[in-house]
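Asks: Attaching a predicted model along with its sequence, questions to come.
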Amino acid sequence: MSPEVQERVGESFPGRYWHRLDDGRIQCDLCPRYCKLHDGQRGLCFVRAREDDMMVLTTYGRSSGFCIDPIEKKPLNHFLPGTPVLSFGTAGCNLTCKFCQNWDISKSREFDKLQAQASPEMIADAAVRTGCKSVAVTYNDPVIFLEYAVDVAEACRERGVKMVAVTAGYICAEPRAEFYRHMDAANVDLKAFTEGFYKKLCTVGLAPVLETLKYLKHETGVWFEITSLLIPGENDSEAEIEEMTQWVMENLGPDVPMHFTAFHPDWKMTDKPRTPADTLVRARLIALKNGIRHAYTGNIRDLEGSSTYCHACGGVLIGREGYQLSTWNISAGGACNECGTPVPGVFDGPPGDWGPKRRPVRIGPVAA
């Protein structure tokens, strides 16, 4: 990172992907909201703002905190299993999900609570120092702090650390290409499979998310998995899961893992009950029936639904109890030890043994 960039850590940082309009406003072209701003205004995400007739990112170098997590918590079950990942987010979001499970971060408007002085080099060094194989931009959607995420990815790559994005995939085509060019893996949150759900509960559209998924599969080498949080009465019908999993098969193929996870009442949706385990099990079975080779349940205790199986011989490849790996039956080359069938994913020798623990990490001084 250049000295000029270093000086801007914790301050407003020049943003990319915007243009001036004839009426004097500037338009943000990062995501399909296309926020149009007068001087001093912020976009809906709250972190991209107009200052001095240009777009800036107001959270560059500032984080809501750093934790070491198991990679399976992202969730990623086929990317360096059992290894620790250094996770962080900033503040704000370009979606307005009423059911947000990280609302204290994604809906935050209090920048003074963010950790300052977290330069990309400091993050990469912390990952190496703590033995993390990867760094994840997560908790709030990283596309809104693209410039920071890309610089962190470049610093990590120089040190041999992988980069992971946990995102809703709501981003325009040009910034999408830059963003994912710097990512090694991603988990994309496919929140539902109807435009009505996305419009009513997230105030965005489904189509751009599907475009991101197709882009990842057909135009990048990024390993990615899909997560769907199933909310009772909103997106958990058998018909919708059928349609969603059939679309994944037809457009992405059988090897993209799908995770069906349990909702708990939160943020502005406290009137809904927790997702019954039976709903997740049913969704997983529908996915398998429709040809998805690796489907999982999450946020519940389910040994069968959290383990990985060989699609050819049916043997257990990776047994999981929560985030703890209990069985490992994959060769060094990433194939089933029993029948030799290749396992889709990114495997680097023997599995890690990080387990379910979560550890906070201090990287820089907290802002005053």
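Replies: It's in. Numbers count the residues shown, from 1 in each chain.
Asks: C-alpha only now, for contacts and for neighbours.
Replies: Will do.
Asks: quick one: stretch 139-149 to chain centroid distance?
Replies: Offset of stretch 139-149 from its chain centre (Cα atoms, centre = their mean, to the nearest Å): 10 Å.
Asks: Kindly format the C-alpha coordinates of that stretch as CSV.
Replies: Only the C-alpha atoms of stretch 139-149 are listed here, as CSV (Å, rounded to 0.1, in the frame of the first residue of the first chain):
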residue,chain,number,x,y,z
TYR,A,139,-20.5,-9.7,9.0
ASN,A,140,-21.7,-6.8,6.7
ASP,A,141,-21.6,-7.0,3.0
PRO,A,142,-18.0,-6.4,1.7
VAL,A,143,-19.0,-5.1,-1.7
ILE,A,144,-19.8,-1.8,-0.1
PHE,A,145,-16.2,-1.4,1.1
LEU,A,146,-14.7,-2.8,-2.2
GLU,A,147,-11.6,-0.6,-2.2
TYR,A,148,-10.6,-1.7,1.3
ALA,A,149,-11.4,-5.4,0.6
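Asks: got a list of contacts for that stretch?
Replies: 15-16, 30, 45, 47-48, 57, 59-61, 88-94, 102, 105-106, 120, 137, 165-171, 179 (Cα atoms under 8 Å, 6 or more residues apart in numbering).
Asks: Just the buried positions in it, please.
Replies: 139, 140, 141, 142, 143, 144, 145, 146, 147, 148, 149 (16 or more other Cα atoms under 10 Å).
Asks: likewise stretch 257-266?
Replies: So for stretch 257-266, counting by 16+ other Cα under 10 Å, buried means 257, 258, 259, 260, 261, 262, 263, 264, 265.
Asks: and this protein, what are its domains?
Replies: For the chain, automatic domain parsing gives the domain ranges 3-57, 66-292+347-357.
Asks: out of those, nearest to residue 308?
Replies: Of all the domains of the chain, the one in closest proximity to residue 308, counting by Cα to Cα, is domain 66-292+347-357 (8.0 Å).
Asks: Now do the SS call for residue 87.
Replies: On the three-state scheme (DSSP: H, G, I helix; E, B strand; the rest coil), residue 87 is labelled strand.
Asks: hmm, back to that, can you name the two of the buried residues of stretch 139-149 that sit furthest apart?
Replies: Using Cα to Cα for every pair in the buried residues of stretch 139-149, the one that comes out farthest apart is 139 and 147, at 16.9 Å.
Asks: What is the burial count for residue 123?
Replies: Neighbour count of residue 123, defined by other Cα atoms under 10 Å: 23.
Asks: for the protein, what spans make up the helices?
Replies: Secondary structure of the chain (DSSP state H): helices at 3-8, 103-106, 120-129, 146-158, 173-181, 195-197, 207-219, 238-252, 277-289, 303-306.
Asks: ok, now which ones touch residue 135?
Replies: 85, 86, 87, 124, 127, 156, 161, 162, 163, 164.
Asks: now do residue 348
Replies: Contacts of residue 348 (Cα under 8 Å, 6+ apart): 80, 332.
Asks: again, only using 10 Å
Replies: Applying Cα atoms under 10 Å, 6 or more residues apart in numbering, we find residue 348 in contact with 79, 80, 81, 332, 333, 334.
Asks: Equivalent analysis for residue 298, please.
Replies: Contacts of residue 298 by Cα under 10 Å, 6+ apart are 73, 75, 227-229, 259-263, 277, 280-281, 305-306, 322.
Asks: try 6 Å this time
Replies: 260, 261 (Cα atoms under 6 Å, 6 or more residues apart in numbering).
Asks: now it, which residues is it bridged with?
Replies: Beta-bridge partners for residue 298, by DSSP bridges, are residue 261.
Asks: Mind pulling up the pLDDT for it?
Replies: For residue 298, the model assigns a pLDDT of 96.
Asks: i'd like the first residue to be 29 from this point on
Replies: Understood, numbering begins at 29; the last thing we discussed is residue 326.
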